[in-house]
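> Have a look; sequence and predicted model below, questions after that.
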Amino acid sequence: MRQTWRWFGPNDLVSIDDMLQAGVEGVVSALHHVPTGAVWTLEAIEQRQREIASRRDGSPSGIAWDVVESLPVSEDIKKQTGAFREHVENYKTSLRHLKAAGIETVCYNFMPVLDWTRTDLAYRVAHGGTAMRFDLVDFAAFDIFILERPGASESFAEDVAAAAKERFAKMDETRKEALARNVVFGLPGAAEHFTLADVRAHLAEYGAIDETKLRAHFIDFLSEVAPLAEELGVRLCCHPDDPPFPLLGLPRIMSTEAQYKAMMEAVDIPANGITLCSGSLGVRPDNDLPGMMARLGDRVHFLHLRNTTREGAGLPVSFHEAEHLAGDTDMVALIAAALKEEAKRKAAGRPDASIPFRPDHGQDILDDLSRKAQPGYPAIGRLKGLAELRGVIAGLGYGGQN
């Protein structure tokens, strides 16, 4: 398993030098400054590669850009409106440029409007550090009383809506503004950050798009880009919905094993694969992560190994980012399944036998609390998670699993 680390570019407060000290073998990055839908030029890709290849003092880092996360899919493509045909062609051009630069693993998602949703980016946990959290009552308060989405109150159970009304009544303006900022934070480091007006406009445009139609648009997109990826030797890997249940009245189409299986069967070629994110998928108690790795593993091109703790029963549910070995997902069993998949690939002579993974997210601990890096991407918290995962991998390998 290849140990990678996400980097948001030269402005990231966690540097290439920090990654080297953490023992990282490769880098996960993206051209976050390029607007969604535009072409990633070969020149811009090579510039990012040069940045990754250098330490602060200009000496070689010895690491490379291994995985793209993400080459974003535009809202026009998801809705099949506006400039979506141009955006699809631009996506294909970007894939060609990435291959020309030697990058072959590309993560993306098909979540409408927001790439992930949390209500608190610095929730204090028992040991005194902080983690990202999704609080269902806070989210209901945002949806019903801040965003004022039509029909929002009917989207929640009666007790949740009642609790949201009571909580909102106690919020001052500072708290309301912080909650709104957190929910619409979007993708860290992205060129665009949504306002409430932007969110309302996008929601209105999705009014006629249900789960069936969004899935059809997704298959149309894959039918265009996956054959090219296969021809180029590029692996596409779709990230699951985060969180993996409907929000804001929007459809969700990549939240369960059945949905992933349907996506792979619809465009049944090896390049059309999965980012298996144990944190996102693990929020649903009906997602068996070790089993998913065993059953879908030949199309898993990228792994996000993180853990979440559900704070209640049923769906939707509140949850927070847990320590890597302490949440609801059995991380040891998941890694064991991944190592078995790698052994199968090695025996078959597959060139992608080593699956890249990253210790996705982490709790802010120690000096992370003053560094204030991208939410969910602290230096020491991720180092701790990577060390724990590395220990599990080594232990299973010693026991004959690898």
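That came through, no problem. Model, not experiment: these values are computed from the prediction.

> now what about the helix or strand encompassing Cys237, what contacts it?
Using DSSP states H and E, Cys237 maps to strand 235-239. With contacts defined as CB atoms under 8 Å, 6 or more residues apart in numbering, strand 235-239 is touched by 69-70, 104-110, 222, 225-226, 229, 254, 260, 263, 270-275, 277, 280, 300-302, 304, 352. The way it works is simple: take the backbone N, C-alpha and C, and place the C-beta from them, glycine included.

> same thing but 6 Å
105-107, 109, 229, 254, 271-275, 277, 301-302 (CB atoms under 6 Å, 6 or more residues apart in numbering).

> now stretch 65-77
Taking CB under 6 Å, 6+ apart as the rule, stretch 65-77 contacts 4, 26-30, 36-37, 49, 52, 82-84, 87, 94, 103, 105-108, 221, 302, 356.

> quick revisit: which of the contacts of strand 235-239 fall within strands?
Thr105, Val106, Cys107, Asn109, Asn272, Gly273, Ile274, Thr275, Cys277, His301, Phe302 (DSSP state E).

> which among the residues you listed gets closest to Phe319?
Cys277 (13.5 Å; CB to CB).

> Which residue is the nearest non-sequential neighbour of the closest one?
His304 (3.8 Å; CB to CB, 6 or more residues apart in numbering).

> Could you give the separation of the strand holding Cys237 from the chain centroid?
11 Å (CA atoms, centre = their mean, to the nearest Å).

> That one pairs with which strands, parallel or anti?
strand 105-109 (parallel), strand 272-277 (parallel) (DSSP bridges).

> ok now the following helix or strand past that strand, how far from the chain's centre?
Using DSSP H and E, the helix or strand that follows strand 235-239 in sequence is helix 257-266. Remark: helix 257-266 is offset 18 Å from the chain centroid, using CA atoms, centre = their mean.

> Any idea what the most centrally placed residue in the chain is bridged to?
The centroid of the chain falls nearest to His239 when counting by CA atoms, centre = their mean (5.6 Å). His239 has these beta-bridge partners by DSSP bridges: Asn109.

> Now tell me what touches stretch 282-291 from outside.
Pro243, Pro244, Ser278, Leu281, Thr308, Phe319, Asp328, Thr329, Ala333, Leu334, Ala337.

> Kindly check the end-to-end length of that stretch for me.
Start-to-end span of stretch 282-291 (CA to CA, to the nearest Å) is 12 Å.

> Next: stretch 263-271.
Where stretch 263-271 begins and where it ends lie 12 Å apart, using CA to CA.

> Work out the gap between that stretch and the centre of the chain.
20 Å.

> Just the buried residues of that stretch, please?
Met263, Met264, Ala266, Val267, Pro270, Ala271 (16 or more other CB atoms under 10 Å).

> how much space between the first one and Cys238?
The gap separating Met263 from Cys238 is 7 Å, by CB to CB, to the nearest Å.

> likewise the last one?
Between Ala271 and Cys238 the distance, using CB to CB, works out to 11 Å.

> Then the fifth one?
Using CB to CB, we find Pro270 at a distance of 14 Å from Cys238.

> And the average pLDDT for stretch 138-145 is what?
For stretch 138-145, the mean per-residue pLDDT is 98.

> Any idea how far apart the tips of that stretch sit?
End to end - CA to CA - stretch 138-145 spans 10 Å.

> Which residues does that stretch contact?
Residues contacting stretch 138-145 (CB under 6 Å, 6+ apart): Thr119, Arg149, Ala152, Ser153, Phe156, Val160, Ala164, Arg167, Phe168, Leu179, Val183.

> what does stretch 92-102 give?
Counting by CB under 6 Å, 6+ apart, Val39, Trp40, Leu42, Ile45, Glu46, Leu71, Val225, Leu228, Ala229, Leu232, Val234 sit against stretch 92-102.

> With stretch 164-176 instead?
With CB under 6 Å, 6+ apart, stretch 164-176 has contacts from Val137, Ala140, Ala141, Ile144, Phe145.

> Among those, which are located in strands?
Among those, no member falls in strands (DSSP E).

> Give me the buried entries from those.
Val137, Ala140, Ala141, Ile144, Phe145.

> where's the fourth one relative to Ile355, distance?
With distances taken as CB to CB, Ile144 is found 42 Å from Ile355.

> again, but for the second one
Using CB to CB, we find Ala140 at a distance of 38 Å from Ile355.

> Which residue is the nearest non-sequential neighbour of Glu257?
Glu257 sits nearest to Met292 (CB to CB, 6+ apart), 5.1 Å away.

> The one you found should be in a helix, yeah?
Yes: assessed with DSSP: H, G, I helix; E, B strand; the rest coil, Met292 lies in a helix.

> quick one: pLDDT of it?
Value for Met292, per-residue pLDDT: 98.

> same thing with Val267?
98.

> That one contacts Leu228, correct?
No: the criterion here is CB atoms under 6 Å, and Val267 misses it with Leu228 at 11.7 Å.

> who's in contact with Ile63?
Per CB under 6 Å, 6+ apart, neighbours of Ile63: Gly26, Val27.

> low-confidence ranges in the protein?
The model of the chain has pLDDT under 70 over residues 186-193, 399-402.

> The protein: strands as residue ranges?
2-6, 26-29, 65-69, 105-109, 120-124, 130-134, 235-239, 272-277, 300-304, 307-310, 319-322, 356-358.

> would you turn the ones you listed into TSV with distance to Ile77?
Listed next are those as TSV, based on distance: least, CB to CB, whole Å:
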stretch	distance to Ile77
strand 2-6	24
strand 26-29	22
strand 65-69	17
strand 105-109	10
strand 120-124	28
strand 130-134	26
strand 235-239	13
strand 272-277	16
strand 300-304	21
strand 307-310	29
strand 319-322	29
strand 356-358	25
